[in-house]
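Got a sequence here, can you model it:
(one chain, ligands or ions: 3)
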Amino acid sequence: SKWVYTFGDGAAEGRAGDRNLLGGKGANLAEMCSLGLPVPPGFTITTEMCNWYYANGRRYPEQFEAQLDAALDHIGKVTGRSFGDPSRLLLVSVRSGARASMPGMMDTVLNLGLNDETVEALASDSGDARFAYDSYRRFIQMYSNVVLGLDHEVFEEILEDAKARLGHELDTDVTAVEWQEIIDLYKTMVQEELERPFPQDAREQLWGAIGAVFSSWMNQRAITYRRLHDIPESWGTAVNVQAMVFGNMGDTSATGVAFTRNPSTGENTLYGEFLVNAQGEDVVAGIRTPQNITEAARIAAGSDRPSLEKLMPAAFRNFVEISRQLENHYRDMQDLEFTIERGKLWMLQTRSGKRTAKAALKIAVDMANEGLITKKEAVCRIDPASLDQLLHPTIDPKAARDVIGVGLPASPGAATGEIVFSSDEAEEMKSVGRKVILVRVETSPEDIHGMHAAQGILTTRGGMTSHAAVVARGMGKPCVSGVGSLRVDHKNGTLIALGQTFRKGDIITIDGGSGQVLKGAVPMLQPELSGDFAAIMEWADAARRMKVRTNAETPADARMAHSFGAEGIGLCRTEHMFFDGDRIVSMREMILADTEKDRRAALAKLLPMQRSDFLELFEIMAGLPVTIRLLDPPLHEFLPKTEEELDEVARGMGVSPDKLRQRTESLHEFNPMLGHRGCRLAVSYPEIAEMQARAIFEAAVEAGRKAGKLVVPEIMVPLVGLKKELDYVKARIDAVAKSVMDETGVVIEYLTGTMIELPRAAIRANFIAETAEFFSFGTNDLTQTTFGISRDDAASFLEIYRQKGIIEQDPFVSLDVEGVGELVRMGVEKGRATRPDIKLGICGEHGGDPASIRFCEEVGLDYVSCSPFRVPIARLAAAQSAI
Ligand code: ADP
Ligand code: MG
Ligand code: MG
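Ligands and ions are numbered 1, 2, ... in the order given. Model prediction:
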């Protein structure tokens with residue numbers, strides 16, 4: 001079979017589409033050749049060769065050597081040279097290149113083919129001895145490091161010593177004779193370390209380098225990188241062997257890298273850097289400070305060192321033209337490598353360039369407007385998750401950072417504020433207009449008010465799925481979690497970081513994008529939701545099938561979500577409305593009441609508050625659908641936690657604290673998540689559901705009156721497993737609807753549906769759909785109940801599972817398509833079989849996760865619902881899934 005593909009002289013055996021076989025670098029080198037661009041000739045050894053090599057005990061197939069010789073001859077023919085022949089010296093580079101660009105693979109070896117004899121030939125051929133010895137010493141350094149495995153630093157040390165001794169500051173100041181001395185020192189060092197001389201035979205050098213590239217596919221760095229990025233081992237790497245061109249042949253030579261557009265802003269201007277008389281990665285290695293390519297960039301940077309445009313105008317013009325050609329050809333911003341040898345330009349690499357989220361937006365929109373790509377393509381070019389960065393203030397990249405700790409980037413965005421150590425303090429400070437960062441060891445549901453009041457949340461314990469992380473993401477608040485190096489001392493009110501002590505009121509900044517905690521205030525950049533962002537969103541909306549709703553219960557969240565483009569509320573969690581101010585007292589009275597009569601009395605106090613909440617939500621959503629879920633959590637979540645709170649409730653109810661304490665204890669549950677919650681509450685205490693239904697209907701009537709148009713609420717019954725549960729609760733809801741209609745004389749339209757969040761509900765969905773007019777897949781609980789994993793306790797061991805490769809993704813973050821997804825699919829099919837027009841949606845964290853959204857599109861849900869800050873992400877992800 002064919003193991004080697006040649007390129008050069010305006011032709012190539014491969015092309016850009018052969019990425020899998022030739023790797024990214026090899027495929028693009030071939031493509032550039034076919035486009036007639038100036039590329040030094042060479043060949044690519046395929047990724048299949050890599051796989052063969054490993055399948056056969058690190059050997060090569062028999063036909064390989066002949067193919068290699070033929071390919072070397074090909075380079076020889078194009079260049080008029082011959083590998084290993086000092087009289088027609090041909091030097092090559094050996095470069096690794098996998099399908100996906102992969103750090104951790106073998107570094108490139110340049111100038112291969114040099115030895116004590118050929119270096120003389122190079123010196124006389126080029127008429128530049130300094131250049132020849134500079135090339136040889138580079139080769140010894142690179143080859144010894146990447147092929148022979150010697151430490152890079154030992155060579156640097158020899159070089160630094162020599163330069164100091166000779167009084168030179170720059171490598172370019174070292175003379176030919178001096179390089180010769182350094183080369184001798186290098187060779188002696190290799191001999192001492194390896195007990196054999198530096199290889200002088202060109203073919204031996206070549207085989208060594210090819211073997212080193214293939215071997216590097218299995219080195220630890222590469223294996224780790226593949227695991228982190230889900231790159232299969234079976235992809236293998238290719239090897240590129242290519243004739244050398246020299247950027248280090250004096251002052252008319254140079255080497256550089258460039259982007260066809262600015263990768264940080266996206267601006268449509270060529271952007272890059274170069275160095276005169278340099279080779280390979282000198283530009284990125286930071287040995288000397290590189291110069292700007294264009295005159296405009298030089299002026300903008302205030303540099304007094306000449307641009308390429310000024311210094312080598314002909315090569316520059318050629319390069320500008322080629323960069324345009326490549327961008328048009330690939331229809332994407334390109335990252336380019338080039339070398340100029342005595343005034344002649346050579347292209348050495350092109351690939352799609354990495355860019356910031358902001359640049360990605362601008363480039364996609366600009367390219368669509370230029371007609372280079374379609375609007376749908378522009379929509380697909382944006383990583384939905386990257387929008388997160390754009391919706392929050394971020395730290396100005398130019399700002400200095402005084403980092404005092406690093407934790408997990410739990411929720412994006414940056415925030416600055418005064419340190420507070422308790423949620424009550426956070427609320428007090430907020431009420432007098434101060435900005436605070438809530439600093440806790442970890443948070444619990446009792447911290448919700450403090451988290452709301454704070455600009456951001458910092459915890460010293462807990463992972464990406466800790467309470468703080470999940471709630472902060474839901475609220476769209478920056479959060480850094482699990483900063484283990486920080487110590488919070490609640491008693492003394494201090495935060496200790498790297499030996500510094502911070503107190504309440506001291507200013508810190510957290511960066512939820514990087515996980516950093518910084519001392520003091522730091523300059524920020526504000527999010528920009530118009531312009532390119534708005535354009536992409538508009539195009540996404542045009543391409544999308546599924547609707548995007550939000551999970552919201554507070555007016556602030558609902559408004560924000562609406563401004564982010566939410567098309568209704570998919571989940572309004574009514575219990576969150578019972579924590580505020582006086583409400584919690586009435587709520588406690590209701591829960592702790594002994595009789596239905598007392599319960600109804602307490603509920604009567606809650607009714608007007610609920611009604612006004614719903615009215616406000618209906619008004620904000622202005623005719624868009626609003627799904628309201630009846631009370632869901634176990635009642636004990638609302639109980640008094642302290643003696644003081646208990647006394648307060650007892651006074652209010654006119655009962656003794658002791659009696660109340662007994663009642664509290666009687667509500668204790670061993671496993672509340674599987675206990676007396678969801679529709680089980682409505683079955684035991686139907687008066688609670690009745691009060692909520694009444695509040696909803698009365699609010700709908702009033703909102704309808706004000707707006708002059710009907711509001712159609714969707715009432716959602718949680719945690720249904722049995723059709724009869726839903727039947728029972730729905731009968732109560734219908735009865736309330738009838739009375740409100742009788743009382744008001746207004747016809748109310750509404751839907752009653754259920755969450756599908758128990759496996760039994762999915763399995764019996766065809767029966768449940770006889771009663772339910774909509775399903776909303778509550779995949780948080782469905783994941784919990786399908787796996788039998790408590791999500792409040794799962795963070796620690798799921799992380800271990802992930803590290804050990806047992807699971808790939810936390811199933812609470814990205815839907816487990818194989819298991820939980822199968823239940824969703826079953827629910828969809830069975831639901832539709834009974835009621836073809838049943839409305840289907842998903843709520844919970846998964847509704848804002850792009851991979852899960854793709855699955856929702858696949859099974860044909862009508863909408864996804866997610867937290868407000870995820871709405872734009874969901875809009876984009878839904879569009880991409882539909883395209
Ligand atoms: P990486 O993938 O790390 O960028 P490359 O294989 O692209 O590694 O090469 C590293 C450096 O060597 C780049 O600056 C590249 O342009 C340069 N280089 C590679 N091959 C040659 C060659 N044949 N002639 C001149 N420079 C080369
Ligand atoms: Mg490299
Ligand atoms: Mg490169």
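
helix or strand right after the helix or strand of the chain with the lowest mean pLDDT?
Least confident element among the helices and strands of the chain, by mean pLDDT, DSSP states H and E: helix 282-285 (a mean of 76). Counting by DSSP states H and E, the next helix or strand C-terminal to helix 282-285 is strand 291-292.

Now do that following strand: everything it contacts.
272-276, 298, 301, 303, 305-308, 311 (CB atoms under 8 Å, 6 or more residues apart in numbering). C-betas here are computed from N, CA, C, even on glycine.

so what's the backbone phi/psi at the residue nearest to the spatial centre of the chain?
Centrality entry for the chain: nearest residue to the mean C-alpha point is residue 385, 5.3 Å, by CA atoms, centre = their mean. With angles defined as degrees, to the nearest 10, residue 385 sits at phi -60, psi -30.

now swap in residue 90 and tell me
phi -120, psi 120.

Would you mind pulling up the elements that the least confident helix or strand of the chain packs against?
Helices and strands touching helix 282-285, by 3 or more CB pairs under 8 Å, 6 or more residues apart in numbering; DSSP states H and E, are strand 254-259, strand 271-276.

where does the stretch 1-150 of the chain dip in pLDDT?
Residues of the stretch 1-150 of the chain meeting the criterion pLDDT under 70: 104.

count of residues packed around residue 116?
Number of residues near residue 116 (other CB atoms under 10 Å) recorded here: 12.

That one - that's part of a helix, no?
No - looking at residue 116 with DSSP: H, G, I helix; E, B strand; the rest coil, it is coil, so not inside a helix.

how near is it to residue 498?
Here residue 116 is placed at a distance of 53 Å from residue 498 (CB to CB, to the nearest Å).

Show the residue spans covered by the helices in the stretch 601-750 of the chain.
Listed in chain order, the helices of the stretch 601-750 of the chain (DSSP state H, counting those that start in this stretch) span 643-653, 657-666, 679-684, 686-707, 723-744.

of those, which approaches residue 248 most closely?
With respect to residue 248, and counting by CB to CB, the nearest of the helices of the stretch 601-750 of the chain is helix 686-707 at 74.7 Å.

what comes up buried for that closest one?
Buried residues in helix 686-707, counting neighbours by 16 or more other CB atoms under 10 Å, are found at 686-704.

Averaged pLDDT, it. What do you get?
For helix 686-707, mean pLDDT is 96.

name the helices or strands packed onto it?
Using 3+ CB pairs under 8 Å, 6+ apart, helix 686-707 sits against helix 596-621, helix 679-684, strand 713-717, helix 723-744.

how about it as CSV, C-alpha atoms only?
C-alpha atoms of helix 686-707 as CSV (Å, rounded to 0.1, in the frame of the first residue of the first chain):
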residue,chain,number,x,y,z
PRO,A,686,-54.8,19.5,48.3
GLU,A,687,-55.5,22.9,49.8
ILE,A,688,-51.9,23.9,48.9
ALA,A,689,-52.4,23.1,45.3
GLU,A,690,-55.8,24.8,45.3
MET,A,691,-54.4,28.0,46.7
GLN,A,692,-51.7,28.0,44.1
ALA,A,693,-54.1,27.3,41.3
ARG,A,694,-56.4,30.1,42.5
ALA,A,695,-53.5,32.5,42.6
ILE,A,696,-52.6,31.5,39.0
PHE,A,697,-56.1,31.8,37.6
GLU,A,698,-56.9,35.1,39.3
ALA,A,699,-53.6,36.5,38.1
ALA,A,700,-54.3,35.3,34.6
VAL,A,701,-57.7,36.9,34.6
GLU,A,702,-56.3,40.2,35.8
ALA,A,703,-53.3,40.1,33.4
GLY,A,704,-55.7,39.3,30.6
ARG,A,705,-58.0,42.2,31.5
LYS,A,706,-55.1,44.7,31.6
ALA,A,707,-53.6,43.5,28.4
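
Between strand 713-717 and that helix, find me the angle.
160 degrees (axes from the mean of the first three to the mean of the last three CA atoms, to 10 degrees).

how far off helix 596-621 does helix 686-707 point, in degrees?
Helix 686-707 and helix 596-621 are oriented at 30 degrees to each other (the same axes, to 10 degrees).

What residues does the protein have near ligand 3?
Residues of the chain that fall close to ligand 3, judged by CB under 5 Å from the ion: 337, 349.

Mind splitting the chain into its structural domains?
For the chain, automatic domain parsing gives the domain ranges 4-243, 254-355, 358-392+527-543, 403-522, 544-634+669-882.

Start and end of the fourth one, how far apart?
Right, domain 403-522. 11 Å (CA to CA, to the nearest Å).

hmm, back to that, return the item of the contacts of strand 291-292 having minimum pLDDT.
Among the contacts of strand 291-292, residue 301 has the weakest pLDDT, 85.

neighbours around the residue lying closest to that residue once chain neighbours are set aside, how many?
Counting by CB to CB, 6 or more residues apart in numbering, residue 292 is the residue found nearest to residue 301 once chain neighbours are left out, at 5.9 Å. Residue 292 has 23 neighbours, counted by other CB under 10 Å.

The one 5 residues further on now?
Taking other CB under 10 Å as the neighbour definition, residue 297 ends up with a count of 20.

Might you enumerate the residues of the chain proximal to ligand 1?
40, 93, 95, 108, 110, 242-245, 280-281, 337, 339, 348-349 (CB under 6 Å from any ligand atom).

quick revisit: can I assume the residue nearest to the centre of the chain is in contact with residue 853?
No - the pair residue 385 and residue 853 fails to qualify as a contact (CB atoms under 8 Å) at a distance of 11.2 Å.

What ranges in the stretch 401-550 of the chain fall below the confidence cut-off?
Applying pLDDT under 70 to the stretch 401-550 of the chain flags residues 465.

Could I get the full set of strands for the stretch 451-600 of the chain?
Assigned strands in the stretch 451-600 of the chain, in chain order: 456-459, 479-481, 487-489, 494-497, 500-503, 507-511, 516-519, 524-525, 547-551, 569-573 (criterion: DSSP state E, counting those that start in this stretch).

ranking the ones you listed by burial, who's on top?
strand 479-481 (a mean of 32; mean count of other CB atoms under 10 Å).

Most proximal residue of this protein with respect to ligand 3?
Nearest residue of the chain to ligand 3: residue 349, at 4.5 Å (CB to the ion).

excluding its backbone neighbours, what's nearest that residue?
residue 337 (3.9 Å).

Just name the most buried of the helices and strands packed on helix 686-707.
It is strand 713-717: most buried of these by mean count of other CB under 10 Å, with a mean of 26.

roughly how far out does it sit from the chain middle?
With CA atoms, centre = their mean, to the nearest Å as the basis, strand 713-717 stands 34 Å off its chain's centre.

Can you tell me which helices and strands it packs against?
strand 626-629, helix 686-707, helix 723-744, strand 751-756, strand 774-778.
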